[in-house]
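1. 3D, please:
(one chain, ligands or ions: 1)
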Amino acid sequence: MNIIDDVEEAAAQLGALLKASTRLAVLTGAGASAASGVPTYRGAGGQWTRYDPAKYASIDFFRKDPSYYWSFFRDERYPALAKAGPNPVHEALAELERIGKLSTLVTQNIDGLHQAGGSKRVLEVHGNSRRFVCQACNAVHDFERVRALIDDQIPPACPDCGEQELRPDVVLFGEALPHDVLTAAFEEMSVADMIVVVGSSLVVHPAASLPLAGVQAGAKLIIMNIDPTPMDGIAQLVIRAPADKVLPAAVERVKG
Ligand code: ZN
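-> So this is what the prediction gives:
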């Protein structure tokens, strides 16, 4: 196992590997958004304290009491997401897509920051908390529009059909992952020649099984995560340096 913690050395090795890749798939997790300051409910106690993740992130509780989620969204999630912008990780991955070097971007994140950073095609296996869908008429509404609605009433009424049936387009605890997105993600991983994991600890499904599907089909695996992961042993290269430093420098080498 080749473990590197030096930014320059990591960028040099990663850059060379990326340059040689002909079909690159990238999987991102919470660590990719760390430099954007997006609070999460995972990790040491979570950063949101006034609301209980067992409630606001659970489908059973959402069905019972949607107002709880909407209060959480209005008071904590919206202000946090509205402040968070794309960081150099998001921008570097968007650049790889632009220059035709990235075939697939799969993310566990629900913060929408890959698109904000310029990525066009993103497979979001846990959904996107900047997007809302009406369970009555299937209309999709964006973040700012829904924010304006909840000034008037909670739960908000759908601007299209008037029903109070909006929900976040995210996978809540107790729900299955979106089948079509997951299937596409597995297919893309299994035809990649190289998989780069950025900022995922690779412990929860599908994060762990996606790269494994690629490795079993013959792809090289590169893991960029600040802490060890259970898959480090099968990786060609393990980078334990900040992704927001390493990735942009590696992309410059691909272009140079
Ligand atoms: Zn509707």
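2. CA atoms for contacts and neighbours, from now on please.
-> Fine.
3. chain neighbours aside, what residue packs nearest to residue 219?
-> Nearest residue to residue 219 in three dimensions, chain neighbours excluded: residue 193, at 4.3 Å (C-alpha to C-alpha, 6 or more residues apart in numbering).
4. measure the closest residue to residue 91 other than its chain neighbours to the ion for me?
-> Excluding the flanking residues, the one nearest residue 91 by C-alpha to C-alpha, 6+ apart is residue 117, at 5.1 Å. Look at residue 117 and the ion: by C-alpha to the ion, to the nearest Å, they are 29 Å apart.
5. same check on residue 11?
-> From residue 11 over to the ion (counting by C-alpha to the ion), the distance is 48 Å.
6. work out for me the element that residue sits within.
-> If you go by DSSP states H and E, residue 11 is part of helix 7-20.
7. quick one: mean pLDDT over that helix.
-> Helix 7-20 carries an average pLDDT of 98.
8. got the CA coordinates for that helix in CSV?
-> Output in CSV follows, covering the C-alpha atoms of helix 7-20 (Å, rounded to 0.1, in the frame of the first residue of the first chain):
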residue,chain,number,x,y,z
VAL,A,7,0.6,17.6,-0.8
GLU,A,8,3.2,18.0,-3.6
GLU,A,9,4.1,14.4,-3.8
ALA,A,10,0.4,13.4,-3.8
ALA,A,11,-0.5,15.9,-6.5
ALA,A,12,2.4,14.6,-8.7
GLN,A,13,1.4,10.9,-8.3
LEU,A,14,-2.3,11.6,-8.7
GLY,A,15,-1.8,13.8,-11.6
ALA,A,16,0.2,11.1,-13.5
LEU,A,17,-2.4,8.5,-12.7
LEU,A,18,-5.3,10.8,-13.9
LYS,A,19,-3.4,11.6,-17.1
ALA,A,20,-3.1,7.9,-17.9
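9. now do the helix or strand that that helix is followed by: everything it contacts.
-> Counting by DSSP H and E, the next helix or strand C-terminal to helix 7-20 is strand 24-28. Here strand 24-28 makes contact (C-alpha atoms under 8 Å, 6 or more residues apart in numbering) with 18, 101-109, 188-189, 192-200, 207, 211.
10. in helices, which of the residues you listed fall?
-> Among those, DSSP state H puts 18, 188-189, 211 in helices.
11. and the residues you listed as TSV, adding neighbour count?
-> Listed next are these as TSV, based on neighbours: other C-alpha atoms under 10 Å:
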residue	neighbour count
18	22
188	21
189	30
211	30
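12. what are the boundaries of the strands in the stretch 151-256 of the chain?
-> Counting by DSSP state E, counting those that start in this stretch, the stretch 151-256 of the chain has strands at residues 166-170, 194-198, 220-224, 237-239.
13. need those strands in CSV with mean neighbour count, can you?
-> Putting the strands of the stretch 151-256 of the chain into CSV (neighbours: other C-alpha under 10 Å) gives the following:
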stretch, mean neighbour count
strand 166-170, 22
strand 194-198, 26
strand 220-224, 26
strand 237-239, 26
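14. of all these, which one is nearest residue 62?
-> strand 166-170 (8.7 Å; C-alpha to C-alpha).
15. on the three-state scheme, the closest residue to the ion within the stretch 1-150 of the chain is what?
-> Closest to the ion within the stretch 1-150 of the chain is residue 137: 4.1 Å, counting by C-alpha to the ion. Following DSSP: H, G, I helix; E, B strand; the rest coil, residue 137 is assigned to coil.
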